[in-house]
Every structure is written in structure tokens, then in C-alpha cells.
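Turn this into a structure:
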Amino acid sequence: MAVRIRLTRLGRKKKPFYRIIVANSENKRDGKFLDVVGTYDPCKEPAAITFDNAKLQDWLGKGALPTTTVKSLMKKIATPAA
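Numbers count the residues shown, from 1 in each chain. Next comes the predicted model:
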């Protein structure tokens, strides 16, 4: 079982809102998940990104791999724009 940290889509049409979740890589995008570790709202200016750092570090320590999109969101939080 490969565990991934990825996005799941919420919100309505043309107003997306995403949860950053931990899920088995074989599950559907909006299917069953193990834990919620953050949120991402691209509709706000600037985009609102939140992480629960304790949960995130715990899952990364257990071997969960972030997707490329989640990796880029983590980098945006680590280095805030000046």
C-alpha cells in the first residue's frame, strides 16, 4: 500500500476548494482517505494554504510521499513571497 499526500476537490463549479489529505494511492481522488493535513483555496488572493505541521511531519516520517502539486504548495509555505 503506497500512501500519498495529495489534493481532494471540494467546492462548487468554478469555485474550487481543496483539502490536502493522506490516502492510499489506489483510492479515487475524492474517495476514502486516512487523514486531513491541510487546505488550499486558490480562489483567494493570494491563495490561502494551511498545513497542520505536526500531522504533516508525522505522515512524512511514516513514509507518505507528496504529489508534485502538494510539494510545490509546501515550498510556497516554506518560502513566503516578499
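
alpha carbons only for contacts and neighbour counts from here, please
Noted.

Where do the strands of the protein begin and end?
Using DSSP state E, the strands assigned to the chain run over residues 3-12, 15-24, 35-41, 48-51, 65-66.

counting contacts, what elements does the last one pack onto?
Going back to what we said before, that points to strand 65-66. When contacts are defined as 3 or more CA pairs under 8 Å, 6 or more residues apart in numbering; DSSP states H and E, strand 65-66 sits against strand 3-12.

Same list (the strands of the chain) but as a markdown table, adding mean pLDDT.
Shown next, in a markdown table, are the strands of the chain (pLDDT from 0 to 100):
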| stretch | mean pLDDT |
| --- | --- |
| strand 3-12 | 94 |
| strand 15-24 | 95 |
| strand 35-41 | 95 |
| strand 48-51 | 92 |
| strand 65-66 | 94 |
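
want to throw those into TSV with mean neighbour count and distance to residue 72?
Converted to TSV, the strands of the chain look like this (neighbours: other CA atoms under 10 Å; distance: least, CA to CA, whole Å):
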stretch	mean neighbour count	distance to residue 72
strand 3-12	18	11
strand 15-24	20	12
strand 35-41	18	12
strand 48-51	16	11
strand 65-66	20	9
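
So in the chain, which helix runs the longest?
helix 68-78 (DSSP state H).

Could you write out the alpha-carbon coordinates of that helix in PDB?
Written as PDB, here are the backbone C-alpha positions of helix 68-78 (Å, rounded to 0.1, in the frame of the first residue of the first chain):
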ATOM      1  CA  THR A  68       4.200  17.200  -7.200                       C
ATOM      2  CA  THR A  69       1.400  19.700  -6.600                       C
ATOM      3  CA  VAL A  70       1.500  19.300  -2.800                       C
ATOM      4  CA  LYS A  71       5.300  19.500  -2.900                       C
ATOM      5  CA  SER A  72       5.000  22.900  -4.700                       C
ATOM      6  CA  LEU A  73       2.400  24.100  -2.100                       C
ATOM      7  CA  MET A  74       4.800  23.000   0.700                       C
ATOM      8  CA  LYS A  75       7.600  25.100  -0.900                       C
ATOM      9  CA  LYS A  76       5.300  28.200  -1.100                       C
ATOM     10  CA  ILE A  77       4.600  27.900   2.600                       C
ATOM     11  CA  ALA A  78       8.300  27.400   3.400                       C
END
